[in-house]
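J.: my questions are about this predicted structure, shown below with the sequence.
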Amino acid sequence: MDLDGVYRAEYGRCVATLTRLLGDIGLAEEAVQDAFAVAVQKWDRALPPNPGGWIVTTARNRAIDRLRRESTREARHAQALLLHGPDEPQEVGPVRDDQLRMIFTCCHPALSPAAQAALTLRLLGGLEVAEIARAYLVPEVTVSQRIVRAKKKIRDAGIPYRVPDDADLPDRLASVLTVLYLIFNEGYASTSGELLRTDLCLEAVRLARALAELMPDEPEVTGLLALLLLVEARRPARVGPSGELVVLPEQDRSLWDRELIAEGHELVRRCLRRNRPGPYQLQAAINAVHTDGPATDWTQVLALYDLLLQHTPTPIVALNRAVAVAEVHGPAPALAIIDRLEIPGYHLLPATRADLLARLGRTADAVAAYEEAISLAANDTERAFLRTRRARLVEDA
């Protein structure tokens with residue numbers, strides 16, 4: 001019985017439903033968590049026919065009991081009585097997909113973009129605080145504080161749980177795109193445990209399709225869908241028969257999903273015709289080059305990274321660009337770029353540096369860089385991959 005799967009799938013929806021009824025996200029979260037604790041005991045061997053409905057009903061009853069116990073004013077009693085009434089018809093608005101609608105609702109512009117994404121990823125995206133912190137390369141306490149402050153602002157400012165209308169969508173779109181992108185990333189390279197969380201990848205792709213249907217004239221929406229499809233197409237070749245990580249240059253391209261690649265390429269061409277480039281479109285174009293033909297044209301990839309760096313001048317983009325520099329101009333100029341970067345806690349920085357050092361024949365420095373990368377990597381599969389690379393380097397020395 002997959003209680004964890006039910007938790008990830010139903011938690012955000014149940015919290016959103018209770019928040020709509022209670023007007024208090026903190027109370028709603030506590031009630032839903034209590035209901036899941038009861039479910040662990042009640043659902044001994046089999047799930048009920050409607051797990052989400054069971055959770056909402058149980059959580060609502062728990063909330064009623066708590067309101068009655070803690071109530072010292074008539075208003076509290078009235079609020080509890082309202083919960084006994086029949087459920088009001090759920091407002092839908094322009095966003096037809098339930099999960100996507102809740103993501104838009106949670107990405108309220110009164111909150112900072114970072115707070116919007118952190119709160120939404122935690123409540124609706126199925127990500128833990130540690131996973132959100134890894135996505136943003138910040139300490140876990142920073143993410144926890146963002147979520148707490150966001151909830152406090154919602155409560156203190158009386159921000160309503162209201163389904164957005166058409167006019168609200170553009171102001172929330174950037175955060176919604178970020179949420180879907182980070183959900184997919186956690187699925188493609190999970191923070192801990194097994195490397196892949198296929199459920200997150202597939203859900204992110206599904207939501208990106210729904211978003212593209214909703215906002216077909218937004219180039220970055222098309223770009224995000226193209227990006228996710230092209231990366232998802234390579235997922236079957238990402239893990240070897242023994243569960244080992246297989247990096248892009250070593251993947252068996254016959255395992256790639258050609259239908260997804262064809263769809264992704266068509267979406268990239270659509271973006272090119274619009275000629276309104278943005279970060280997601282450029283990343284999609286880079287992945288289109290990776291999946292076009294029997295080998296990657298690194299000169300094209302480097303040119304696209306040059307454009308991406310202009311749009312998104314971050315150390316992560318600079319690191320990825322350095323990989324392309326190494327393929328086009330050799331490891332020495334790439335190493336010079338990487339040595340100027342600072343990305344605390346990011347294991348791919350020393351891992352990339354180790355590879356470049358090894359190619360330059362600086363074995364001792366490469367081994368030290370691999371050891372640093374191993375110490376920072378949180379995922380078991382990635383750690384095993386790095387240990388294998390280090391061991392081969394020592395053997396060949």
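T.: In hand now; what should we look at?

J.: what is the neighbour count of residue 298?
T.: 18 (other C-beta atoms under 10 Å). Placement of C-beta: from N, CA and C, glycine included.

J.: list the contacts for it?
T.: 324, 327-328 (C-beta atoms under 8 Å, 6 or more residues apart in numbering).

J.: let's have these in TSV, adding distance to residue 204 and secondary structure.
T.: What follows is the contacts of residue 298, written out as TSV (distance: C-beta to C-beta, whole Å; DSSP: H, G, I helix; E, B strand; the rest coil):
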residue	distance to residue 204	secondary structure
324	25	helix
327	28	helix
328	31	helix
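
J.: dump those residues into a markdown table; add pLDDT as well.
T.: What follows is the contacts of residue 298, written out as a markdown table (pLDDT from 0 to 100):
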| residue | pLDDT |
| --- | --- |
| 324 | 97 |
| 327 | 97 |
| 328 | 97 |
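
J.: let me know the closest of the residues you listed to residue 180.
T.: Taking C-beta to C-beta as the measure, residue 180 lies nearest residue 324 of the contacts of residue 298, at 25.4 Å.

J.: measure the nearest residue to the closest one once chain neighbours are set aside to residue 361 for me?
T.: Leaving aside its chain neighbours, residue 324 sits nearest to residue 302 (4.1 Å; criterion: C-beta to C-beta, 6 or more residues apart in numbering). Residue 302 sits 24 Å away from residue 361, going by C-beta to C-beta, to the nearest Å.

J.: those two: which is more packed in?
T.: When neighbours are counted by other C-beta under 10 Å, residue 302 and residue 361 differ, and residue 302 comes out ahead with 19 against 10.

J.: what's the helix or strand for the more buried one?
T.: Assigned by DSSP states H and E, residue 302 belongs to helix 298-311.

J.: related to what we said a few turns ago, can you say which of the contacts of residue 298 are buried?
T.: For these, a burial check counting by 16 or more other C-beta atoms under 10 Å picks out 324, 327.

J.: wait, which of the contacts of residue 298 is closest to residue 137?
T.: Of all those, residue 137 sits closest to residue 324, with 21.2 Å by C-beta to C-beta.

J.: low-confidence ranges in the protein?
T.: The model of the chain has pLDDT under 70 over residues 1-9, 18, 20-25, 40-41, 43-47, 49, 64-92, 161, 397.

J.: ignoring the adjacent residues along the chain, who's closest to residue 247?
T.: Excluding the flanking residues, the one nearest residue 247 by C-beta to C-beta, 6+ apart is residue 385, at 7.8 Å.

J.: and that neighbour, how many neighbours?
T.: Using other C-beta under 10 Å, residue 385 has 21 neighbouring residues.

J.: that one touches residue 242, doesn't it?
T.: No. Between residue 385 and residue 242 there is no contact, the gap being 11.6 Å when judged by C-beta atoms under 8 Å.

J.: a markdown table please, covering the contacts of residue 298 and showing distance to residue 30.
T.: Formatted as a markdown table, the contacts of residue 298 follow (distance: C-beta to C-beta, whole Å):
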| residue | distance to residue 30 |
| --- | --- |
| 324 | 48 |
| 327 | 52 |
| 328 | 55 |
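
J.: on that earlier part again, my guess is the residue nearest to residue 324 contacts residue 326. True?
T.: No. Using C-beta under 8 Å as the test, residue 302 is too far from residue 326 to be in contact (9.8 Å).

J.: what's residue 193 sitting at in phi/psi?
T.: phi 70, psi -140 (degrees, to the nearest 10).

J.: can you show me the CA trace of the host helix or strand of residue 212 as CSV?
T.: Following DSSP H and E, one finds residue 212 within helix 198-214. Written as CSV, here are the backbone C-alpha positions of helix 198-214 (Å, rounded to 0.1, in the frame of the first residue of the first chain):
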residue,chain,number,x,y,z
THR,A,198,9.5,9.2,-12.3
ASP,A,199,6.2,10.4,-10.7
LEU,A,200,7.5,13.9,-10.4
CYS,A,201,8.9,14.0,-14.0
LEU,A,202,5.6,12.8,-15.4
GLU,A,203,3.5,15.1,-13.3
ALA,A,204,5.6,18.1,-14.3
VAL,A,205,5.3,17.2,-18.0
ARG,A,206,1.5,16.8,-17.6
LEU,A,207,1.2,20.2,-15.9
ALA,A,208,3.4,21.8,-18.6
ARG,A,209,1.1,20.4,-21.3
ALA,A,210,-2.0,21.8,-19.4
LEU,A,211,-0.3,25.2,-19.1
ALA,A,212,0.6,25.2,-22.8
GLU,A,213,-3.0,24.5,-23.6
LEU,A,214,-4.1,27.3,-21.3
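
J.: could I get the buried residue list for it?
T.: For helix 198-214, burial by neighbour count (16+ other C-beta under 10 Å) applies to 200-201, 203-205, 207-208, 210-212, 214.

J.: can I get those in JSON lines with distance to residue 108?
T.: Formatted as JSON lines, those follow (distance: C-beta to C-beta, whole Å):
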{"residue": "200", "distance to residue 108": "23"}
{"residue": "201", "distance to residue 108": "27"}
{"residue": "203", "distance to residue 108": "22"}
{"residue": "204", "distance to residue 108": "21"}
{"residue": "205", "distance to residue 108": "25"}
{"residue": "207", "distance to residue 108": "18"}
{"residue": "208", "distance to residue 108": "21"}
{"residue": "210", "distance to residue 108": "20"}
{"residue": "211", "distance to residue 108": "18"}
{"residue": "212", "distance to residue 108": "23"}
{"residue": "214", "distance to residue 108": "18"}
